[in-house]
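Peer 1: here is my input, please return the structure:
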Amino acid sequence: MNDLLQLAVEPAAWAALATLIAMEVVLGIDNLIFISILTNRLPAEHRSRVRRIGIGGAVVLRLALLGTVAFIVTLTQPIFTAFGHGFSWRDLILIGGGLFLVWKATKEIHQKLDPEPDTLFSTPANKVLDAASVIGQVLVLDLVFSIDSIITAVGMTDELAIMVVAVLVAVTLMLCAAEPLAKFIEANPTVVMLALAFLLMIGMTLIAEGFGVHVPKGYIYAAMAFSAGVEALNLLSRRGLKGSSKQPFRKSAQSHERDST
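Peer 2: Numbers count the residues shown, from 1 in each chain. Okay, the predicted model is just below:
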């Protein structure tokens with residue numbers, strides 16, 4: 001208890017907490033986009049429940065991993081060497097998660113471009129997915145992102161209490177943003193394609209990190225923010241065009257009413 005009180009009055013602890021919360025929120029965006037895209041393929045009555053399960057799984061995994069910090073740190077130790085690079089369990093998990101993300105995003109993009117495929121192995125883009133399948137896929141990505149975020153958190157602070165608070169705050173924000181984000185993505189088809197492109201880029205980044213090629217996160221999220229800004233301008237432009245296309249109709253209707261009177 002005394003240790004917690006000492007942390008509460010230390011400015012350095014608050015600075016570490018704020019930085020860690022920001023980092024967890026940024027890392028959680030990737031997870032949230034994936035959950036939103038997958039759950040939008042479910043029947044409407046199951047979407048909210050599956051989103052809560054997916055985000056709840058992220059909480060459980062992160063807190064469980066925080067309880068085994070000593071073990072998590074060992075995941076960064078090389079277990080074999082290939083191509084001049086020492087691969088650790090963390091590297092293998094990142095590569096596996098990246099490959100899964102690239103495969104899933106590519107499959108979803110293909111289904112968006114070809115909603116009525118000819119092959120027997122493809123599924124239509126409008127096909128409703130099974131809730132258990134979606135939960136399984138979400139939990140796989142939860143594990144990958146959780147390990148990455150916890151290892152990053154361990155590198156930023158030694159205080160377990162700060163890590164726990166940061167995780168709880170970040171996941172609470174994810175829970176609040178899940179429903180509005182999913183509805184926004186569903187209402188704007190072009191945003192779906194942009195989000196899938198984000199997932200594709202994130203998957204490639206995870207693979208690169210697994211092979212020892214460090215990609216600064218700032219570059220990735222700056223590119224995502226710039227693309228999102230351009231898409232926001234496109235959405236506003238389309239709304240403006242819709243509004244202007246209705247304007248002549250209103251004017252002609254008003255003139256017709258004046259002529260009839």
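Peer 1: quick check: buried residues in stretch 230-246?
Peer 2: Using 16 or more other C-beta atoms under 10 Å as the burial criterion, the residues of stretch 230-246 that qualify are Glu231. The C-beta positions use only the backbone N, C-alpha and C, and glycine is treated the same way.
Peer 1: check the offset of it from the chain's centre.
Peer 2: Stretch 230-246 sits 26 Å away from the centroid of its parent chain (C-alpha atoms, centre = their mean, to the nearest Å).
Peer 1: name the residues that touch that stretch?
Peer 2: Outside of stretch 230-246, the residues within contact range by C-beta atoms under 8 Å, 6 or more residues apart in numbering are Asn188, Thr190, Val191, Leu194.
Peer 1: in the stretch 101-250 of the chain, which spans are helices?
Peer 2: Taking DSSP state H, counting those that start in this stretch as the criterion, the stretch 101-250 of the chain contains helices spanning 131-156, 160-187, 189-210, 217-260.
Peer 1: out of those helices, the one nearest Asp30 is which?
Peer 2: With C-beta to C-beta as the measure, helix 189-210 is the member of the helices of the stretch 101-250 of the chain nearest Asp30 (5.1 Å).
Peer 1: quick one: contacts of that closest one?
Peer 2: Taking contacts as C-beta under 8 Å, 6+ apart, the residues outside helix 189-210 that touch it are 30, 33-34, 36-37, 40, 87, 90-95, 97-102, 104-106, 108-109, 112, 144, 148, 184-186, 215, 220, 223-224, 227-228, 231, 234-235.
Peer 1: dihedrals phi and psi, His85?
Peer 2: phi -130, psi 130 (degrees, to the nearest 10).
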